Every structure is written in C-alpha cells, then in structure tokens.
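Engineer: Sharing a model prediction with you, sequence too.
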Amino acid sequence: MKHYGTQQLETDRLILRKFIEEDAAAMYKNWASDGEVTKYLTWPTHLNPEISQSVIKDWINLYSEENYYNWAIIWKENGNEPIGNISVVDRKENISMVSIGYCIGRTWWHKGITSEALKAVMDFLFDVVEVKRIEARHDPRNPNSGEVMKKCGMKYEGTLRSSDWNNQGICDVCYYALLKSER
C-alpha cells in the first residue's frame, strides 16, 4: 500500500475532509449523542460534548500518520457541518487490506449519503493507496448497514456467530468485501 493520509475527497453531494476541533459540537449534536445511531456500534454514546471534543482531538493528532484515514462527512446542502464519519478502522499491510467503519446522524439516513461516502473512500483506497481488499462488517440486526455495503459492490462473505461485541452486547457479525480485481 502507498499511504498518503486522509485526503479531501468530493462527490456530487459530499465533501469528505479531515476533522477540525470546531467539529466537536456538530459531532455531538448530529450523531454521537444519539443512542439510535450508536446502537450497533462498538463505541458508547457520548454523554456530553466534552467527550466528542476529546475524541476529535485524538483524531486530529493521528492525522500526522500517513496510514491514518478518517473523514468527516459533509453534506453540501448542510454547509460545512459534519453529519457523520467514515474511516479505516483496521488494516493489514501484509495483504493490502483495510476495514471500513461509518456512521451518520439519523436525520440523514435513507438518503444514499453513506453509500456515496463509502464509494468515494473505496475509490480513493483502491486507486491511490493501492489497497487490494476492502471489507466492512455489521450486526445482522442492523441490515441497513449491509445495504450500504451491497450498493457499493461489496459481496457478502458470511456471518460469524457471537464473534464480536457492540452496544447491544455479544453479537453476530456479517462480513462484506470487495477485491480490487473485482471492480
């Protein structure tokens, strides 16, 4: 893989950019404080804006690493305020593989925004970073997340039973992936 760090990406409706400290209030308001958004995630709902501020500070510090990829999802209709995030949550350099995680605020569900963001990130990772495999996973009780993966061409690879933990406790996990050679 050829790492370039988090680069700004743009689609018809979205800007994907690095987080800045001023994004903390929007993060808290738009998704991190909403228990419905975080229901199937592996990090807890933020109980106060200071938690969002701390998380964003940690993310900003990681931007100095060339192999760190974490984008604020900006819906152009909404100005410059983030409505969610998408990031590489795991990577295996020896096989040129990355795993992607994402979430957006409930107000923006079912608008194709997450699929548009995931497609842009996948294109960047395949074409610029030269990743050979991109995977993502979801709790089967959250099928809409799997629909996002399917819309982006990812193929269902299977469900591992009681193999992970999220805010609902021990859970099954559905895996999807796309190989660069399958594009």
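Structural biologist: Done, it's in. Residues are numbered from 1 along each chain as shown.
Engineer: Number of residues surrounding the residue nearest to residue 92 when sequence neighbours are not counted?
Structural biologist: In space, residue 92 comes closest to residue 98 once its chain neighbours are excluded; the distance is 7.9 Å by Cβ to Cβ, 6 or more residues apart in numbering. In short, each C-beta sits where N, CA and C put it, glycine included. Using other Cβ atoms under 10 Å, residue 98 has 25 neighbouring residues.
Engineer: does residue 98 sit in a helix, a strand or a coil?
Structural biologist: strand (DSSP: H, G, I helix; E, B strand; the rest coil).
Engineer: hey, what's it bridged with?
Structural biologist: Beta-bridge partners for residue 98, by DSSP bridges, are residue 91, residue 134.
Engineer: doesn't residue 88 make contact with it?
Structural biologist: Yes - the criterion here is Cβ atoms under 8 Å, and residue 98 meets it with residue 88 at 4.7 Å.
Engineer: Name the residues contacting each of those two.
Structural biologist: Here residue 98 and residue 88 have 69, 125 as joint contacts, going by Cβ atoms under 8 Å, 6 or more residues apart in numbering.
Engineer: quick one: contacts for the residue nearest to residue 92?
Structural biologist: Applying Cβ under 8 Å, 6+ apart, we find residue 98 in contact with 69, 88, 90, 91, 92, 125, 129, 131, 133, 134, 135.
Engineer: So the first one sits against residue 8, correct?
Structural biologist: Right, residue 69. No - counting by Cβ under 8 Å, residue 69 stays clear of residue 8, with 12.0 Å between them.
Engineer: Out of those two, name the residue with the larger neighbour count.
Structural biologist: Higher neighbour count among residue 69 and residue 8: residue 69, with 26 against 11, using other Cβ under 10 Å.
Engineer: Noted, bye for now.
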